[in-house]
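A.B. asks: Sharing a sequence plus its predicted fold:
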Amino acid sequence: MVSEKMKEMLDQHELEQSLEKHLKELEQQHNSNQEVKKNRPKIQRVPPYLEGMGFEKYFTPKLISFGLFHHRHSYTMVGERYKFMWTAMYLKDTNQSHRNLYDKINSHYPELKDSFRIDDNTSYHRLNIVSICMLDGCSILQVLDKSDNSADPEQELKVSVDQLVRVHQDMLLLGNQIPFQVLKIICSDETKLDKCLKNFLKVHGVDTMTGKRQDLISNISTGGQVSKDHVIVQAEEEKGDPAHLLDYLHRAMLTKESDGGDGDGENKLKQRSLHLRKYRIGSIRELKDAGIGVEKHPNNTSFHPRFIDGKLRLPELTVDGSTALILLNLAAYEMCPDFSNDFQISSYVVFLSSLIDQPEDVKELRFAGILINELSSDKEVADLFNRMDTLLVPETARYAHIRDKIRDHFESNRAQIKMLGWKGEAYNTFFRSPWTIIGLLAATLALILTFIQTWFTVHPKHS
């Protein structure tokens, strides 16, 4: 009896201590005007429900760990020696002492540690955090500097081409980030840092030097070759430093609208729904059967689709071996609980997943010039988006507006759409291939001959 009462008192004391701790943290945040950090979320692991959807391989480093969460795991041990080598190269190139640099980073330890969302049951020694930040920061800057400023970056960095591609991919992973502040501490030369950051964007399809951006997702293995299809990017418009490199890419890819929308009130602010949506509007084939066409957005300015005059306009998209990794990590970043955003990329992924159901849908998008398929087949693209169809996002005004406009279009043209549907079904049944056309002609000829034979049987020719 006494022991139970004692246990109850201890539990109550523990609860009070926990509440006191959280209330104190809230008060400190309030006093320092940091209670709302809309654009500065902490570096954290991927939300567990995303890892449980079979996407683990898109969130796990293939070669190198950056930051705390994948440090010294078995799958990143091979890449550890590269970081020491690149750090030595960077210190030599910039004429810095490792001791002085360590001390500079160490002086910012409190805010650097606070940049990570660390579990209560996980502890990191101060020495480890500072050392990791120094090694990873120097390595990232060395790779970014040589990736564009060297005629042979693989030789300069002493890695193979495929390894360099994996390093650039590993820089994009949500749980594989370091604070952006580390890069600024290590590289005090703003011009050189800006050049490295532009190299980072260029490798992943964004070129802020010319103010243009390649199609939405670029093939990393091409080394960031910028095609003629560019759109305006203005990463500098975002105020304040990004949280990390993935945040920097997120800002650059979500450019401000230059065309002002479609002029029909689509951009009006609405209260966001708390329901999780998939934006079911039908596949490309279903929309086509309903008389709704798809075409490439003329400006190709952003992730935002348009629906105007019975036409769904979509920006150009290249699908390659890196597409899923880029889209899923950007979507996972938007789903972090401390990141206030409009779920633009994750909504776009869910929207595309709704449009693409079968390989025929991919084919229609290719013929419309919307989708560039760098994978082996249309089926592989369809399978990719079918896997991503498990994502759920809060309903946003833009995509809800497009869904409602498509439904309104369907309702106002129901009779015409029904006739188009019959025509489409007839076409698919009788004219989808030369053999079906031959079969239709043969059946028609047989029907005519049968009619003639019946006619002469009923009305025999008199001699």
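C.D. replies: Okay, I see it.
A.B. asks: Of all the residues in stretch 303-322, which ones are buried?
C.D. replies: 303-307, 310, 312-320, 322 (16 or more other Cβ atoms under 10 Å). Where C-beta positions appear, they are placed from N, C-alpha and C, glycine not excepted.
A.B. asks: out of those, which one sits closest to residue 450?
C.D. replies: Nearest to residue 450 out of these is residue 310 (Cβ to Cβ; 42.6 Å).
A.B. asks: so that closest one touches residue 292, yeah?
C.D. replies: Yes - counting by Cβ atoms under 8 Å, residue 310 does reach residue 292; the two are 5.8 Å apart.
A.B. asks: Which secondary structure elements does the helix or strand hosting residue 349 sit against?
C.D. replies: Element membership for residue 349 (DSSP states H and E) is helix 344-355. Helix 344-355 is packed against helix 323-334, helix 378-388, strand 393-394, helix 397-412, with contacts defined by 3 or more Cβ pairs under 8 Å, 6 or more residues apart in numbering; DSSP states H and E.
A.B. asks: ok, and what's touching it?
C.D. replies: Helix 344-355 has contacts (Cβ atoms under 8 Å, 6 or more residues apart in numbering) with 250, 253-254, 277-284, 287, 303-305, 317, 327-328, 330-331, 334-335, 361, 365, 385-386, 388-389, 391-393, 396, 398-399, 402.
A.B. asks: are any of these buried, and which?
C.D. replies: By 16+ other Cβ under 10 Å, the contacts of helix 344-355 give 250, 253-254, 277, 279, 281-284, 287, 303-305, 317, 327-328, 330-331, 334-335, 361, 365, 385, 388-389, 391, 393, 396, 398-399, 402 as buried.
A.B. asks: Tell me who's in contact with residue 43.
C.D. replies: 67, 68, 115, 116, 117, 175, 177, 178, 179, 243, 244 are the contacts of residue 43 under Cβ under 8 Å, 6+ apart.
A.B. asks: In CSV: those, plus secondary structure.
C.D. replies: CSV is the format used below for those (DSSP: H, G, I helix; E, B strand; the rest coil):
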residue, secondary structure
67, coil
68, coil
115, coil
116, strand
117, coil
175, coil
177, coil
178, coil
179, coil
243, coil
244, coil
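A.B. asks: So which bits of stretch 145-153 are buried?
C.D. replies: 145, 146, 147, 148, 153.
A.B. asks: Among these, which ones are in helices?
C.D. replies: Among the buried residues of stretch 145-153, the ones falling in helices (DSSP state H) are 145, 146, 147, 148, 153.
A.B. asks: how close does the residue nearest to residue 331 when sequence neighbours are not counted get to residue 40?
C.D. replies: Spatially, and ignoring its direct neighbours in sequence, residue 331 is nearest to residue 346 (3.7 Å; Cβ to Cβ, 6 or more residues apart in numbering). Going from residue 346 to residue 40 by Cβ to Cβ, to the nearest Å gives 19 Å.
A.B. asks: Can you pick out the residue with more neighbours from those two?
C.D. replies: residue 346 (24 against 19; other Cβ atoms under 10 Å).
A.B. asks: And the pLDDT for the more buried one?
C.D. replies: Looking at residue 346, its pLDDT is 88.
A.B. asks: can you check residue 15 too?
C.D. replies: At residue 15, pLDDT is 65.
A.B. asks: secondary structure class for residue 318?
C.D. replies: strand.
A.B. asks: got it, and residue 372?
C.D. replies: Residue 372 ends up strand, using three-state DSSP.
A.B. asks: okay, now it: neighbour count?
C.D. replies: Applying other Cβ under 10 Å, I find that residue 372 has 17 neighbouring residues.
A.B. asks: Over to residue 125?
C.D. replies: There are 8 residues near residue 125, going by other Cβ under 10 Å.
A.B. asks: now swap in residue 20 and tell me
C.D. replies: 10.
A.B. asks: From residue 123, how far off is it?
C.D. replies: 21 Å.
A.B. asks: again, but for residue 377
C.D. replies: On the measure of Cβ to Cβ, residue 377 and residue 123 end up 48 Å apart.
A.B. asks: what about these two, which has more around it?
C.D. replies: residue 377 (11 against 8).
A.B. asks: Just the pLDDT at the residue nearest the centre of the chain, thanks.
C.D. replies: Central residue of the chain (Cα atoms, centre = their mean): residue 327, 2.0 Å from the mean position. With respect to pLDDT, residue 327 scores 92.
A.B. asks: Equivalent analysis for residue 120, please.
C.D. replies: For residue 120, pLDDT reads 67.
A.B. asks: same check, this time on residue 285
C.D. replies: In this model, residue 285 carries a pLDDT of 88.
A.B. asks: isn't it right next to residue 361, touching?
C.D. replies: Yes - counting by Cβ under 8 Å, residue 285 touches residue 361, with 5.8 Å between them.
A.B. asks: helix or strand for residue 312, which one?
C.D. replies: strand 311-314.
A.B. asks: what's that strand packed up against?
C.D. replies: Using 3+ Cβ pairs under 8 Å, 6+ apart: strand 311-314 touches strand 293-296, strand 306-308.
A.B. asks: Counting neighbours, which bits of the helix holding residue 349 end up buried?
C.D. replies: Neighbour-count burial for helix 344-355 [16+ other Cβ under 10 Å]: 344, 345, 346, 347, 348, 349, 350, 351, 352, 353, 354, 355.
A.B. asks: Quick one: residues contacting the residue nearest to residue 368 when sequence neighbours are not counted.
C.D. replies: Of all residues not flanking residue 368 in the chain, residue 294 sits nearest, at 5.2 Å (Cβ to Cβ, 6+ apart). Shown in contact with residue 294 (Cβ under 8 Å, 6+ apart): 284, 287, 288, 311, 312, 313, 314, 364, 365, 368, 370.
A.B. asks: phi, psi of residue 159?
C.D. replies: phi -140, psi 160 (degrees, to the nearest 10).
A.B. asks: mind checking how far the residue lying closest to it once chain neighbours are set aside is from residue 94?
C.D. replies: Distances taken as Cβ to Cβ, 6+ apart place residue 82 nearest to residue 159, at 6.6 Å, with adjacent residues excluded. As judged by Cβ to Cβ, residue 82 and residue 94 stand 18 Å apart.
A.B. asks: Give the buried residues for the helix or strand where residue 181 lies.
C.D. replies: Element membership for residue 181 (DSSP H and E) is helix 180-186. Neighbour-count burial for helix 180-186, counted by 16+ other Cβ under 10 Å, picks out 180, 181, 182, 183, 185, 186.
A.B. asks: Can you list the strands that the strand holding residue 312 pairs with?
C.D. replies: strand 293-296 (parallel), strand 306-308 (antiparallel) (DSSP bridges).
A.B. asks: For the stretch 1-150 of the chain, which residues score under the pLDDT cut-off?
C.D. replies: 1-19, 21-22, 24-39, 120-121 (pLDDT under 70).
A.B. asks: Which parts of it are helices?
C.D. replies: 2-31, 48-50, 56-59, 77-94, 98-106, 109-114, 126-149 (DSSP state H, counting those that start in this stretch).
A.B. asks: helices or strands up against the fourth one?
C.D. replies: Translated: helix 77-94. When contacts are defined as 3+ Cβ pairs under 8 Å, 6+ apart, helix 77-94 packs onto helix 98-106, helix 126-149, helix 153-157, helix 161-170.
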